[in-house]
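In: Sequence first, predicted coordinates after that:
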Amino acid sequence: IFPYNQGHSREVYHGKRMQRIWSVLFSGDAKWVLSASDDFNIRLWKARASEAVKPGLPREQRRRDYEAKLKERFKETPEVKRIARHRHLPKAVLKASRLKGIIKSSKKRKEDNVRRHSKPGALPHVPERKKGIVKILT
């Protein structure tokens, strides 16, 4: 769930018991996201994770509108860019990403050592994106 021209989502959608997601659908008003996973659950998520579900008081709504206008007006300043990019990751997601990074670096180190101690050209370098491809169907 991310813009077509970017490689990552702005919001973080996570649950402790989540499995692989097979299908994602936006509601008609684009306020909700429905996801279906391989544990046979359908989950309902807010499209903007940081916004409240219930409608606020008029004063709160005016404040949110004013903050949005300020963000839009000063979006090119470095401080606002940094704040807009920041996202709080759940602890489980952060730990999993760190562990994945450690595993990935150790595999790369091992592959480099094997390549270093083999005949030149015996183990060609395969890009990371092509490693996941099992077979190309034509």
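Out: Yep, that arrived.

In: Can I get the helix or strand hosting W45 in PDB? Just the C-alpha atoms.
Out: Using DSSP states H and E, W45 maps to strand 42-46. Extracted C-alpha coordinates of strand 42-46, given in PDB (Å, rounded to 0.1, in the frame of the first residue of the first chain):
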ATOM      1  CA  ILE A  42      -9.900 -10.100   6.900                       C
ATOM      2  CA  ARG A  43      -8.500  -7.100   8.700                       C
ATOM      3  CA  LEU A  44      -9.800  -3.500   8.600                       C
ATOM      4  CA  TRP A  45      -7.100  -0.800   8.800                       C
ATOM      5  CA  LYS A  46      -7.300   3.000   8.800                       C
END
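
In: Return the mean pLDDT over stretch 128-138, rounded to an integer.
Out: Mean per-residue pLDDT for stretch 128-138: 79.

In: Can you list the buried residues in it?
Out: Using 16 or more other Cβ atoms under 10 Å as the burial criterion, none of the residues of stretch 128-138 qualify. In short, each C-beta sits where N, CA and C put it, glycine included.

In: any idea what the residue of the chain most remote from its centre is structurally, helix, strand or coil?
Out: Farthest-out residue of the chain from its mean C-alpha position, per Cα atoms, centre = their mean: K119, at 39.7 Å. Secondary structure, DSSP: H, G, I helix; E, B strand; the rest coil: K119 is coil.
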